[in-house]
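Novice: Let me see the structure of the following:
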Amino acid sequence: MSGERQVLGLICAAVLATILTLGLWPFHVPANDVTWLRDRAGLRFGGNSTAISSAALPVPLTEQGGSLEIWLRPGRIWDSGTILAFHSPQDQSQLLVRQCQTDLEIQTRQYDWRRSHTERLYADEVFRKAEPIFLTITSGRLGTSIYIDGALFKASLQFRLPTKQFTGKVVVGGSPGQTDSWQGQLFGLSVYHRQLEAPEVTHHYLTWTHEGRPEMAADEHKVALYLFDERNGSSVRNAVAGPNLEIPAKYMVLDKIFLEPFWQEFHLSSSYLSSAVKNIVGFVPFGFCFYPYLTALRVRRAGLTTVLFGSFVSIAIEILQAYLPTRDSGTTDIFTNTLGTWTGVISYDPALSILAAAFPASRRVTRALGLSCAPRAFGERNHPV
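Specialist: Residues are numbered from 1 along each chain as shown. Prediction:
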């Protein structure tokens, strides 16, 4: 009997170690995978990489919209990640420019502890090939326009970005709050507190791609221009009066979120549902193994104890993930992990009955451990008081 218990205990220890490894790997803060390009001005962003402005971009006195120019090459067309983000914790807002495989996504977030409001504008097939793209986004009272290589690609009259969305700290190659790394090369970046006109967009594209920098006029309201021509060092100089981009030695996420509420994490998408299913399935072995082990140890209400233990392990993982920039700390996983543990508990007795019917010799082991093949009510005591 003691031998069977020891084997079952080792199995439980292996399951717990596997779950902790999957939840906390790589157990450390990795190096920031940002390197200078050798053959031209620019930066390469790898798997865990980011550059963050040393200070926030100023808030303008007047509302004239805003514009972005991003000269880039995606690493792979089937990847997803945040290329550029503006983060303003003071007014709880974010603007993100993302690659969603071959599509471009412009996303705005307004959030507080109670709710999160997100708006999105998509442009399909922007990243059809892993080739350099000169992307221009302009927005104001006339709506938002997206230009590719100086030519209008898509326009929306309903989707508008106020000037304040182009302020705050600049994050390149990732997202503030939670990790969302982008892989690719960046050759130039500029920010304007004004909606550029179509002729200006075309002129900037031609001068930048032919001369290495845009031809600047005095009234363009440019607040940031990063040419990435330093070729070395940990800082990218702002060619106009404004904060530089800093390249940390270690990968980091700006204002990492601690236990993000589940109502803010929720979004109806295949990736969210896939993650939820994985977190449920991942904790089924936990309930399936720890429930008979605690039963064999004569623990009262072994089923309930197992579920509570699974919840505790999940909470501990989520707390520790807040200190790991490569992992997301949220509360949704606590609910899905607990559900997975409960699923493992309630599936044990039916599985044991099937196993006993198929392999009669297994009944000896179950009797030795003090387990029953008969269904038991959830939370029922395992031995008389």
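Novice: Can you pull the phi and psi angles for the residue nearest to Ala198 when sequence neighbours are not counted?
Specialist: Nearest residue to Ala198 in three dimensions, chain neighbours excluded: Leu152, at 6.6 Å (CB to CB, 6 or more residues apart in numbering). For the C-beta atoms, the positions are set from N, CA and C on the backbone; glycine is no exception. Phi and psi for Leu152, reported as degrees, to the nearest 10, are phi -60, psi 130.
Novice: okay but Leu152 is in contact with Ser145, surely?
Specialist: Yes - with contact defined as CB atoms under 8 Å, Leu152 reaches Ser145; the gap is 6.2 Å.
Novice: what's the overlap in contacts for the two?
Specialist: Ala198 (CB atoms under 8 Å, 6 or more residues apart in numbering).
Novice: Have a look at these two and say which one is more surrounded.
Specialist: A side-by-side neighbour count of Leu152 and Ser145, using other CB atoms under 10 Å, places Ser145 first with 23 against 14.
Novice: show me where pLDDT drops low in the stretch 151-300 of the chain?
Specialist: 218-219 (pLDDT under 70).
Novice: confidence score at the closest residue in space to Leu161 that isn't next to it in sequence?
Specialist: Excluding its sequence neighbours, the residue lying closest to Leu161 (CB to CB, 6+ apart) is Ser139, at 3.7 Å. Ser139 carries a pLDDT value of 97.
Novice: Any idea what Ser139 is bridged to?
Specialist: Gly66, Thr144 (DSSP bridges).
Novice: what sits against it?
Specialist: Gly65, Gly66, Ser67, Ser145, Phe159, Arg160, Leu161, Gln195.
Novice: So it versus Leu104, what's the distance?
Specialist: 14 Å (CB to CB, to the nearest Å).
Novice: Same question for Ser274.
Specialist: 22 Å.
Novice: got it, and Met252?
Specialist: 26 Å.
Novice: The two: who's more crowded?
Specialist: Leu104 (23 against 15).
Novice: Tell me how many other residues surround the closest residue to Gly140 other than its chain neighbours.
Specialist: Leaving aside its sequence neighbours, Gly140 sits nearest to Gly65 (CB to CB, 6+ apart; 2.5 Å). The burial count assigned to Gly65 is 24, neighbours taken as other CB under 10 Å.
Novice: Likewise for Glu131?
Specialist: Count around Glu131 with other CB under 10 Å applied: 9.
Novice: mind listing what it touches?
Specialist: Glu131 neighbours (CB under 8 Å, 6+ apart): Arg73.
Novice: Next: Gly242.
Specialist: With CB under 8 Å, 6+ apart, Gly242 has these contacts: Leu57, Pro58, Val223, Ala224.
Novice: three-state assignment of it?
Specialist: coil (DSSP: H, G, I helix; E, B strand; the rest coil).
Novice: Can you pull the phi and psi angles for it?
Specialist: phi 170, psi 180.
Novice: cool, the one 3 residues further on as well?
Specialist: Dihedral angles phi and psi of Leu245 (degrees, to the nearest 10) take the values phi -90, psi 130.
Novice: what about it, how many neighbours?
Specialist: Neighbours of Leu245 (other CB under 10 Å): 23.
Novice: And Pro58, by the same measure?
Specialist: Residues near Pro58, counting by other CB under 10 Å: 13.
Novice: Then Arg213?
Specialist: Arg213 has 16 nearby residues by other CB under 10 Å.
Novice: Please enumerate residues in contact with stretch 214-222?
Specialist: 60, 64, 69, 190-194, 196, 200, 203-204, 207-208, 225, 240.
Novice: ok, now with 10 Å
Specialist: 60, 62, 64-67, 69, 71, 163, 188, 190-196, 200, 203-208, 225, 227, 238-242 (CB atoms under 10 Å, 6 or more residues apart in numbering).
Novice: With stretch 19-32 instead?
Specialist: Residues contacting stretch 19-32 (CB under 10 Å, 6+ apart): 45-51, 173, 234, 247-252, 278-279, 282-283, 285-286, 310, 313-314, 316-318, 320-321, 323-327, 333, 337, 340.
Novice: Those residues, buried ones only, as a PyMOL selection?
Specialist: Here is the PyMOL command that picks out the buried ones among those, judged by 16 or more other CB atoms under 10 Å:
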select buried, resi 45+46+48+49+50+51+173+247+248+251+279+282+283+285+286+310+313+314+317+318+321+324+325+326+327+333+337+340
